[in-house]
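> Starting from these lines, generate the structure:
(one chain, ligands or ions: 1)
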Amino acid sequence: MSADAIRLDGKVAIVTGGAGGIGAATARLMTARGAHVAIADINGEAANALAGELPGAIAIEMNLEDESAVVDMIARTVSHYGRLDVLHNNAALLGPDVARADGDVETMDTALWDRTYAVNVRGTMIACRAALPHLRATRGNIVNTVSNLALQGHIIQAAYSSSKAAVIQLTRAIAASHGKAGVRCNAVAPGMTLTPALKEAFPPLLCQTVEGETLRDQLGEPDDIAQAVAFLASDAARNVTGHVLVADGGGASHVPGLPGFRAFLSGDHA
Ligand SMILES: NC(=O)c1ccc[n+]([C@@H]2O[C@H](COP(=O)([O-])OP(=O)(O)OC[C@H]3O[C@@H](n4cnc5c(N)ncnc54)[C@H](O)[C@@H]3O)[C@@H](O)[C@H]2O)c1
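Numbers count the residues shown, from 1 in each chain. The predicted model follows:
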């Protein structure tokens, strides 16, 4: 099956965090594959700008920390399009200040921990809860964005990484409870992905170091993650549920230290 065969014709999708980075790439790709997309984002201006470019799209300004705004996001989408087929929970609490403050548990600020869980876990759960009756009606599905940091230990982002691990378990719980009613729930776990925000936050040397641990000749682009999401959201993935699709260029698939071993094998460390 070619990638173009993974169509989303006539489906209605919500993409949270759809105005930036990976979410915007996913909103574009889903539209290109035939879906109508509600771009839900805390940045209303950017959501409106993107919705203006994409046929059939609407923008919804909302903050995942605000329960009534999340519930309203689902209600507005269903009221506008008359149905909901795909909920893509992509937004997360991110940004250079957050990433800098979110380090090791010993120095963890409790307020930052709570906020991370409020956006990444509580917000995602509320969106799923509000969407489920509508997804049952369409035999639809949920795709949650997690992270390779949910699967491997690191010295950065203890709150973020553990919150994403919680979303993996939420994914499996929803898949188990609602599969027989026709609703699938999966997760995609990106590795370091070259969004505009990430390129600003991390120096090129750090990106090169991470790339050295991948099995490709470049880090992932937002569209690489969008392709994985579009597959999981499509009927082509009808037999896939409760799954975490790791889209990290193979970074987590091997014993760490590949750059050193490559040098060793080429004789540089002889
Ligand atoms: N970029 C990476 O390297 C990478 C790696 C692993 C996982 N991820 C995950 O991919 C997803 C997208 O990340 P990205 O890199 O595209 O981020 P990004 O910062 O480029 O975009 C995130 C979007 O979410 C919106 N947003 C933030 N907080 C929100 C809130 N409270 N309510 C509603 N919208 C909110 C932002 O306005 C923005 O448009 C996230 O779940 C992130 O954890 C990214």
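> of all the residues in the chain, which ones are close to the ligand?
Taking Cβ under 6 Å from any ligand atom as the contact definition, the chain meets the ligand at 16-17, 19-23, 41-43, 62-65, 90-94, 119, 145, 147, 190, 192-193, 195, 197-198. To be clear about C-beta, it is placed using only N, CA and C from the backbone, and glycine gets the same treatment.
> out of the residues you listed, which are inside helices?
21-23, 197-198 (DSSP state H).
> so which of those comes closest to the ligand?
Gly21 (2.3 Å; Cβ to the nearest ligand atom).
> Distance of the spatially closest residue to the closest one that is not a sequence neighbour relative to Asp223?
Nearest residue to Gly21 in three dimensions, chain neighbours excluded: Thr195, at 3.5 Å (Cβ to Cβ, 6 or more residues apart in numbering). For Thr195, the distance to Asp223 (Cβ to Cβ, to the nearest Å) stands at 11 Å.
> Which of those two has more residues huddled nearby?
Thr195 (21 against 15; other Cβ atoms under 10 Å).
> Ramachandran coordinates for that one?
For Thr195, the backbone dihedrals (degrees, to the nearest 10) come out as phi -80, psi 160.
> Does it touch Gly23 like I think?
No: applying Cβ atoms under 8 Å, one finds Thr195 not in contact with Gly23, separated by 9.4 Å.
> so where's the stretch 1-150 of the chain uncertain?
Counting by pLDDT under 70, the ranges of the stretch 1-150 of the chain that qualify are 1-5.
> And the helices in it?
21-32, 44-53, 67-81, 96-101, 110-117, 123-138 (DSSP state H, counting those that start in this stretch).
> for those, which one ends up most surrounded?
Counting by mean count of other Cβ atoms under 10 Å, helix 21-32 has the highest mean neighbour count of those, with a mean of 25.
> Which other helices and strands does that helix contact?
strand 12-16, strand 36-41, helix 44-53, strand 86-89, helix 196-201, helix 222-233 (3 or more Cβ pairs under 8 Å, 6 or more residues apart in numbering; DSSP states H and E).
> What sits closest to Ser234 if chain neighbours are left out?
Nearest to Ser234 is Ile6, by Cβ to Cβ, 6+ apart, at 4.6 Å.
> returning to what we had before: got a quick PyMOL command for the buried subset of the residues of the chain next to the ligand?
A single PyMOL command selects the buried members of those (16 or more other Cβ atoms under 10 Å):
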select buried, resi 16+17+19+20+21+22+23+41+42+43+62+64+90+91+92+93+94+119+145+147+190+192+193+195+198
